[in-house]
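K.L.:
Turn this into a model:
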Amino acid sequence: MFVFSFKSSKTKLFVIGLIAALVLGVIIFFASGRSKVVTNDSGISLKASDSAERVSFLSQFGWKFDEDPVEICEVIIPTEFDKTYEEYNAIQREQDFDLEKYKGKRVKRYTYEIKNYPDYSADSGFIRANILVFEGLVIGGDVSSLEPNGFQQGLDYPTSPNKKY
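P.N.:
Predicted coordinates for the structure are as follows:
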C-alpha cells in the first residue's frame, strides 16, 4: 500500500479551484451548444414532442383541423435526394427548414385533415397538412391536395388559393 501526502497551501488550493471552475465552464459551454432550437427566425415554435405541441405548431399558421392526425408514420429521409426530394426540400428551405441535415434519419410524419383551405369546403377531405418531427422538434412540413394534379405548398396560410382542376 502506498500513501501519498502533500502540503497544501492557499496558492495550490486556489489553482486547483480555478482549474475545476474552468473545466466546469467548458463543460457547460459545450453542453449548452448542443441544446435544441425551439423557435426559428420567424418566431414560430418548433416544439412537437406531444399532441398538444403538434396542434399548437400547426395552429400558428391559421389552419383549422381535427386534432387527431389521420395518419402517423415513420419516414426515412433518403441519404441521396432525387429530383422529387430536391423539389420538396426547396419548399422546406423557403420556410427556414432544410432536410439536408436529416439525410438517413428516421422521422415521424403526422398528417392532419385541413378544414379551412380557401375555396374548399370543410368536409371536402382533399387538403392535408404534414409535419415532419425529429426528436420532438418540427423539421419540415407541407400542405397539399389529394386531388389529381393537386398542389403542394409550405405551411403558411395562402394569400391566394392554389386550387387546380
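K.L.:
Would you mind giving the secondary structure of the residue nearest in space to the middle of the chain?
P.N.:
Nearest to the geometric centre of the chain sits residue 138, at 2.0 Å (C-alpha atoms, centre = their mean). What DSSP: H, G, I helix; E, B strand; the rest coil gives for residue 138 is strand.
K.L.:
Next up, the contacts around it.
P.N.:
The contact partners of residue 138, by C-beta atoms under 8 Å, 6 or more residues apart in numbering, come to 46-48, 54, 57, 97, 131-132. Heads up, the C-betas are built off the backbone N, CA and C, glycines and all.
K.L.:
and those, which are buried?
P.N.:
The neighbour count (16 or more other C-beta atoms under 10 Å) marks 46-48, 54, 57, 97, 131-132 as buried among these.
K.L.:
Where does pLDDT dip in the protein?
P.N.:
Along the chain, segments meeting pLDDT under 70 span 1-2, 4-8, 13, 15, 17-18, 24-43, 160-165.
K.L.:
circling back: mind putting the contacts of residue 138 into CSV with secondary structure and distance to residue 117?
P.N.:
Putting these into CSV (DSSP: H, G, I helix; E, B strand; the rest coil; distance: C-beta to C-beta, whole Å) gives the following:
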residue, secondary structure, distance to residue 117
46, coil, 23
47, strand, 25
48, coil, 22
54, helix, 19
57, helix, 18
97, coil, 21
131, strand, 16
132, strand, 20
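K.L.:
Understood, closing this out.
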